[in-house]
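Visitor: Quick one, fold the following:
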Amino acid sequence: MWKVALLLIFTLVTVPVICFYYDDPLSEVQQNALITLLWVYGIASGLCFVVSSITDNYSQVDKLWSIMPIPYVWILAAFADYDSRLVLMASLVTIWGVRLSLNFARRGGYSLKFWTGEEDYRWSILRAKPGFEKKWKWMLFNLIFISAYQMGLVLLTTLPALRVLGTSEPLGFPDIILAILILGFIYIEYLADQQQYEYQTEKYKQKEAGKVGSFYKVGFVHTGLWAYMRHPNYMAEQAIWIVFYFFSVIATGHWINWTLTGGLLLVLLFKGSSDFSESITEEKYPEYIKYQKRVGRFLPSKGKYKASK
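Guide: Below is the predicted model:
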């Protein structure tokens, strides 16, 4: 996991430098807006580190993942005096954030005691792996990767809106196409999450009753969108923010700008995250290896998986 973290941090440093040569420098209003966003980011990431360290619950960033992009983009819209393109972008991010937050909430992610709530099972497994045997190593990982890096990635994915700030290109048909695409991917993400939720809910219900049917003995959702992709929700999440980047392309006329960093890092993060999740699932459910061979990770490249009877 340290190798993945270092690769992500390396990308975070190098990509903006490379893209800078293809882009214009930030204007004064963009610089002021970025400083404001960095203050918000610093407070949020610092709170995540402190609260997770005190409570030993390392899903604090997970709670804010779907929330923080909303104020980030609306802050930028305010700096632009609510320019129509930025209002559209902020509205789309709000729809995305509310839906994802509701999905996280129904899985027990939030609590009235905000520092509690269900922790992602992968953190406890990761803490038990070699390399994190000493507490200071895990604390360092929590500071650099979980709190600072992941919260930084949340900010970076929204920064195409910063690049839009101050541009004069009017809202047009291409913007509407991008908005429709994002809404479509939000729906796909909703559908994938719903299919997973229904499968897992019924599986655990049957386990508690002491009688699990063969369909649920497989252990993992493998029908619907999941029959074509192993991670349709991850695919949609990446696609949303990649499409979001193209608002900056329309507004500036530059196909490459430094805000591309967020989308690239998100793809790398989901690659590493899905690798780790699948390694756990392989150990729990023997049929998952067959499923991997038949079904593509993020794209329906291998065909449809035949559901177990």
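
Visitor: Give me the contact list for the helix or strand hosting residue 85.
Guide: If you go by DSSP states H and E, residue 85 is part of helix 84-106. Residues from elsewhere that reach helix 84-106, judged by CB atoms under 8 Å, 6 or more residues apart in numbering: 62-63, 65-67, 69-70, 72-74, 76-77, 80, 110, 158, 160-161, 164-165, 167, 169-171, 175, 179, 182-183, 186, 189-190, 193, 197, 240, 244, 247, 251. Just so you know, the C-beta spots here come from the backbone N, C-alpha and C atoms, and that holds for glycine as well.

Visitor: In helices only, show me those.
Guide: With helices taken from DSSP state H, the overlap with the contacts of helix 84-106 comprises 62-63, 65, 69-70, 72-74, 76-77, 158, 160-161, 164, 175, 179, 182-183, 186, 189-190, 193, 197, 240, 244, 247, 251.

Visitor: Filter those residues down to the buried ones, ChimeraX style.
Guide: With 16 or more other CB atoms under 10 Å as the criterion, this ChimeraX line picks the buried residues out of these:
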select :62,63,65,69,70,72,73,74,76,77,158,160,161,164,175,179,182,186,189,190,193,240,244,247,251
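
Visitor: Now do the buried residues in stretch 136-153.
Guide: By neighbour count with 16+ other CB under 10 Å, stretch 136-153 contains the buried residues 138, 141-143, 145-153.

Visitor: wait, what's in contact with the one residue sitting closest to the centre of the chain?
Guide: Relative to the mean C-alpha position of the chain, the nearest C-alpha, by CA atoms, centre = their mean, is the one of residue 237, at 6.1 Å. By CB under 8 Å, 6+ apart, the residues touching residue 237 are 185, 189, 266, 270.

Visitor: Can I get the buried ones among those as something I can paste into PyMOL?
Guide: Once 16+ other CB under 10 Å is used to decide burial, the buried members of those can be selected in PyMOL as follows:
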select buried, resi 185+189+266+270
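
Visitor: lowest average confidence, helix or strand, in the chain?
Guide: Averaged element by element with mean pLDDT, DSSP states H and E, the chain has its least confident helix or strand at helix 2-20 (a mean of 61).

Visitor: what is the orientation angle of the following helix or strand past it with helix 69-79?
Guide: Note on helix 2-20: by DSSP H and E, the next helix or strand toward the C-terminus is helix 28-55. Our comparison of helix 28-55 with helix 69-79, counting by axes from the mean of the first three to the mean of the last three CA atoms, to 10 degrees, yields an angle of 160 degrees.

Visitor: helices or strands up against helix 28-55?
Guide: Under the contact criterion of 3 or more CB pairs under 8 Å, 6 or more residues apart in numbering; DSSP states H and E, the helices and strands touching helix 28-55 comprise helix 60-65, helix 69-79, helix 150-158, helix 160-164.

Visitor: Distance from the chain centre to the shortest one, please.
Guide: Right, the one you point to is helix 160-164. Between the mean C-alpha point of helix 160-164 and the mean C-alpha point of its chain there is a distance of 19 Å (CA atoms, centre = their mean, to the nearest Å).

Visitor: And the average pLDDT for it is what?
Guide: On average, the pLDDT along helix 160-164 is 95.

Visitor: For the buried residues of stretch 136-153, could you give me CSV that also reports distance to residue 232?
Guide: Putting the buried residues of stretch 136-153 into CSV (distance: CB to CB, whole Å) gives the following:
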residue, distance to residue 232
138, 32
141, 29
142, 30
143, 33
145, 26
146, 25
147, 29
148, 30
149, 25
150, 22
151, 26
152, 26
153, 21
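
Visitor: For residue 180, see how far away the nearest residue to residue 255 once chain neighbours are set aside is.
Guide: Of all residues not flanking residue 255 in the chain, residue 249 sits nearest, at 5.7 Å (CB to CB, 6 or more residues apart in numbering). Residue 249 sits 16 Å away from residue 180, taking CB to CB, to the nearest Å as the criterion.

Visitor: Then residue 150?
Guide: Summarising the geometry, the distance separating residue 150 from residue 180, computed by CB to CB, is 29 Å.

Visitor: And for residue 109?
Guide: 29 Å.
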